[in-house]
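Asker: Predicted model, plus sequence, below.
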Amino acid sequence: MGFMIDHWDFSVFPAQQQPLESEPLQTNHWYHCERMSPELRTWLLDNGIPESTVDQLLADETRPSFHQYDADNFMLILRGINMNSNDTPDNMLSVRILYYQGILISTRKIPSRSILEIRQALEKKSGPGDLAELLLQIIDGLSSKIDLYLEGIDNAINAFDINDSETHKAIDTQKALLRIKRFIRPQLYAIRDFSESEISPLIQHEHHAHYALNNITRINETIDFYLGELDLIRDEIRHLRDEQVNQNSYLFTVVAAIFLPTSFLTGLLGINIGGMPGMEDGNAFWWFCAALVVIFGAEIWLLRYLKFFNKG
């Protein structure tokens, strides 16, 4: 079966890996499948899963959610950090989990590092002991990868220099967090509804389910905190830039004020028409230059007296 990635039998302990063969669904088995394979839909329908449930499981676009059909049937749709090297972390991957009459079916489009680690643990005989524990470990694994990503965000925020010219990094980080928050907020509601539901797999694992809820709640609070920090950083950057612009504008204003009278006088005496004073005096130019120096000095003294130079 080209759509089946892995198959494990949890009716025994430790769980046993099964051949990837086309066979009827069996209770206490976990089927991990490739969601984009057209054969998967046919196989699910042939095994008696309602078409509406199959449509929901294989939908192109979904948000994290929990759908309970009865005590033994539900669907949990989650999102996780994309840790594949050819993609960006905030392009979050989707993990759909269907629990149907004691059978666990998970589907993915993009490989999940969390599920890969669980499969590797099962191969080493150290993985989950039953389907409920498997489901909760998937949730924990997705949350732990989000935590790992947020540690990098924390380090990046602490390393930001508001005087650095590459301030676009703060904006890029904020955008990435907003894209993640778009899915993590509804994921909190989905895991909350899941942990508070009365479904058979959680009878022996209520504490673990509440632990998973606390984790995703903390993650949401951490994201909100980082977004608040980034807002403060952007405000501080904006304030510093405004101060620099104001200082430059002030400097140009002072320079213009100093040279305005002298520019007026030189312009006035440069019109070359009759009646200009000093035209017959050979020392008139030097007297005029001395007058400009006096005016310039008087302006400097006046600006210092008015404490203009301390206002920048």
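Answerer: Arrived safely. Note that the structure is a prediction, hence the values are computed from the model and not measured.

Asker: from the middle of its chain, how far away would the helix ranked longest in the chain be?
Answerer: What stands out as the longest helix in the chain, according to DSSP state H, is helix 206-268. Mean-position distance between helix 206-268 and its chain equals 20 Å (Cα atoms, centre = their mean, to the nearest Å).

Asker: cool, and stretch 143-160?
Answerer: 10 Å.

Asker: next one: stretch 17-26
Answerer: 39 Å.

Asker: again with stretch 126-137
Answerer: Taking mean C-alpha positions (Cα atoms, centre = their mean), stretch 126-137 and its chain are 29 Å apart.

Asker: OK, contacts around the closest residue to Ile153 other than its chain neighbours?
Answerer: Spatially, and ignoring its direct neighbours in sequence, Ile153 is nearest to Tyr226 (5.7 Å; Cβ to Cβ, 6 or more residues apart in numbering). C-betas here are computed from N, CA, C, even on glycine. Listed by Cβ atoms under 8 Å, 6 or more residues apart in numbering, the contact set of Tyr226 reads Leu150, Ile153, Asp154, Ile157, Leu177.

Asker: Same check on His239?
Answerer: His239 touches nothing, counting by Cβ under 8 Å, 6+ apart.

Asker: Against Glu117, how distant is it?
Answerer: 45 Å (Cβ to Cβ, to the nearest Å).

Asker: Likewise for Tyr226?
Answerer: Separation of Tyr226 from Glu117 (Cβ to Cβ) stands at 26 Å.

Asker: Likewise for Leu292?
Answerer: 81 Å.

Asker: Check His208 too.
Answerer: 17 Å.

Asker: Quick one: low-confidence residue ranges for this structure.
Answerer: 1, 22, 162-167, 242, 250-252, 254-262, 264-285, 287-288, 303, 305-312 (pLDDT under 70).

Asker: Could I get the full set of strands for it?
Answerer: Using DSSP state E, the strands assigned to the chain run over residues 4-9, 16-17, 29-34, 65-70, 73-80, 93-100, 103-108.

Asker: Which strands and helices lie in contact with the second one?
Answerer: Yep, that's strand 16-17 we're talking about. Secondary-structure packing of strand 16-17 (3 or more Cβ pairs under 8 Å, 6 or more residues apart in numbering; DSSP states H and E): strand 4-9.

Asker: Quick check on Arg35: phi, psi?
Answerer: Note on Arg35: backbone dihedrals following degrees, to the nearest 10 are phi -70, psi -30.

Asker: residue contacts, the residue lying closest to it once chain neighbours are set aside?
Answerer: Nearest non-adjacent residue to Arg35, counting by Cβ to Cβ, 6+ apart: Thr107, 4.0 Å away. Taking Cβ under 8 Å, 6+ apart as the contact definition, Thr107 lies against His32, Cys33, Glu34, Arg35, Leu40, Leu57, Leu58, Val95, Arg96, Leu98.

Asker: where's Thr107 relative to Ala190, distance?
Answerer: In terms of Cβ to Cβ, Thr107 sits 16 Å off from Ala190.

Asker: cool, Ser112 as well?
Answerer: For Ser112, the distance to Ala190 - Cβ to Cβ - is 16 Å.

Asker: and the two? which has more neighbours close in?
Answerer: Ser112 (25 against 22; other Cβ atoms under 10 Å).

Asker: Now stretch 128-138: buried residues?
Answerer: Pro128, Asp130, Leu131, Ala132, Glu133, Leu134, Leu135, Leu136, Gln137, Ile138 (16 or more other Cβ atoms under 10 Å).

Asker: Lys169 and Ile157 touch, don't they?
Answerer: No. Judged on Cβ atoms under 8 Å, Lys169 makes no contact with Ile157 at a distance of 9.9 Å.

Asker: who's more crowded, those two?
Answerer: Neighbour count, other Cβ under 10 Å: between Lys169 and Ile157, Ile157 has more, with 18 against 14.

Asker: count of residues packed around the residue lying closest to Leu131 once chain neighbours are set aside?
Answerer: With Cβ to Cβ, 6+ apart as the criterion, Leu131 has its nearest non-adjacent residue at 4.7 Å, and that residue is Leu104. Using other Cβ under 10 Å, the number of residues around Leu104 comes to 22.

Asker: wait, what's in contact with Leu104?
Answerer: Residues in contact with Leu104 (Cβ under 8 Å, 6+ apart) are His29, Trp30, Tyr31, Ile97, Leu98, Leu131, Leu134, Leu135.
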